[in-house]
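Asker: Sequence below, structure please.
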Amino acid sequence: MKTCRRCQQSKSLNEMKKSSKKPDGRDSICKECYRKEHRKYDRTPHGRCRTAWYRINERAGNKRGDCPTYANVEVKMTKEEFFIWARPRYEEWEKLHPNVTPSINRIDPKGHYEISNIEMISWNENASGPKQGHLTTETALVDFVIHKCSEHLLNPEKVIKLLLNQIKTPLA
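Answerer: Now for the predicted structure:
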């Protein structure tokens, strides 16, 4: 038995997270608390970047052997380049689509993972096949506005809201 440092409950060793650094082979945090902590972190912009980068690299070249269509796909960007591109997009995504899970999509499915060939769309849209939906158009607009706002030191959230209100207003 061992006490979890988070929930303070006494648990069996099988319920504790494994750790090769500890003499008994188990960490001082239980698996349940560890999962809760990581679920919370994985939903932060940095956590989403880390997870997306890992999955892109796992998928490219069909490293797992379960996606033959990715056999010739390469990652043609560094981790730093990806994080610089992705982090502000994840932050904006959370503001504009708080209940929608984002996903990294290759614009040209025959192309590689590179900054010029990726976009952020909803996970549902990415999983459903052809990328012809409202969210893709909106995402492209958001990307453009974020880029232009950063050039002119404007608040992208306010500009995007103003643009979206203009789009929803019927033309006279």
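Asker: Just give the nearest non-adjacent residue to residue 30, would you?
Answerer: The shortest distance from residue 30 to any residue that is not its chain neighbour, by Cβ to Cβ, 6 or more residues apart in numbering, is 4.0 Å, and that residue is residue 4. (Each C-beta comes from the backbone N, C-alpha and C, glycine too.)
Asker: Contacts only, for the one you found.
Answerer: Contacts for residue 4 were tallied using Cβ atoms under 8 Å, 6 or more residues apart in numbering; they are 11, 16, 28-30, 33.
Asker: For stretch 86-101, which outside residues touch it?
Answerer: If you take Cβ under 8 Å, 6+ apart as the criterion, stretch 86-101 is touched by 45-46, 48-49, 52-53, 102, 104, 120, 122-124, 135, 138, 142-143, 146, 156-157, 160.
Asker: Residue 79: which of the contacts of residue 4 is nearest?
Answerer: Taking Cβ to Cβ as the measure, residue 29 is the one of these closest to residue 79, at 27.3 Å.
Asker: before we move on, back to that, distance-wise, check the residue nearest to residue 30 relative to residue 11.
Answerer: The gap separating residue 4 from residue 11 is 6 Å, by Cβ to Cβ, to the nearest Å.
Asker: So for those two, which residues contact both of them?
Answerer: Common neighbours of residue 4 and residue 11 (Cβ under 8 Å, 6+ apart) are residue 30.
Asker: Looking at the contacts of stretch 86-101, which are in strands?
Answerer: Secondary structure of these is defined by DSSP state E; positions in strands are 102, 104, 120, 122.
Asker: Report how many residues lie close to the second one.
Answerer: This means residue 104. Per other Cβ atoms under 10 Å, the neighbour tally for residue 104 reads 22.
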